[in-house]
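In: Next input, structure requested:
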Amino acid sequence: VVEALSGPLRVAAAASVAGGNQLEAVQGCAPARPVPVIQIHGTDDPCWRFGQDDEMGPCEAEFNADKIHISAEETVEGWRARNGCSEEFAEDALEDVDDEDGTSAVVRDFAGCIDGADVEFVVVEGGGHTWPQGYGYLPDGTIGKTSADVSANARLWSFFDAHPLPFLAGTVTTFATLSA
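Out: Numbers count the residues shown, from 1 in each chain. You can find the predicted model right below:
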C-alpha cells in the first residue's frame, strides 16, 4: 500500500488483507493519481483494529503497542477521500457458504471515484487476522477465525484484473511505435 502512495505510476492497484496504513507512513502523502484499492478485514481481528473506537487486541498490544496504527475503517476512509469517492457505498452480502465457520462477509463499494479508482471494502464479520479461505497458521484463540465465505485470492485477482495500470501519455512505448 505504501508503494501505491509513493509509486502510483508503477502500481495499478493496491490491496490489504488484515492490515491497514500506518499513520506515520501516509501522513501528508498524496499519490500522483487516484489508485484503486481493495481492503479485506475481519471485524474481530486481534492484531489490527477494525474500527476507530475498537480496543487494541491482545496480539496488537503484545507485538505492536509501540507503533501508530490506524484502523481498517480509517484506512478505507483515507483511500475513499484520496480517490474522490462518494461517502455513500453500496453494500452486498456474500453467500454464507459455511455456516459453521462463525463468519459472514459483505462488500462495500464506494461510488463516483475519480478515473475509476474504485475503493472496495470486504468486511468479514467475525473474521480474525487471517487470509479468508487461507491456512489457519495459528489457533483461533490467537489470531481469530478464518472465513470460508470469501476467497481473498479470487477477490484480489478479480480486483486487479479489473484495474490495470492506466495509460499515461509519454510513459509507455507501444508495440506499434517499436515496430514502425
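
In: got the contact list for the nearest residue in space to residue 148 that is not next to it in sequence?
Out: Among residues not flanking residue 148 along the chain, residue 98 sits closest, at 3.7 Å (CB to CB, 6 or more residues apart in numbering). Heads up, the C-betas are built off the backbone N, CA and C, glycines and all. Residue 98 sits next to 147-149 when contact means CB atoms under 8 Å, 6 or more residues apart in numbering.

In: Same check on residue 86?
Out: By CB under 8 Å, 6+ apart, the residues touching residue 86 are 110-112.

In: ok, back up a step: who wins on neighbours among the contacts of residue 98?
Out: Among those, residue 147 has the most neighbours (other CB atoms under 10 Å), with 30 neighbours.

In: ok, back up a step: filter the contacts of residue 86 down to the buried ones, PyMOL style.
Out: This is the PyMOL syntax for the buried subset of the contacts of residue 86, where burial follows 16 or more other CB atoms under 10 Å:
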select buried, resi 110
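
In: So in terms of bridging, what pairs with the most centrally placed residue in the chain?
Out: Centroid check for the chain by CA atoms, centre = their mean gives residue 39 as the closest residue, at 1.5 Å. With DSSP bridges as the criterion, residue 39 is bridged to residue 16, residue 121.
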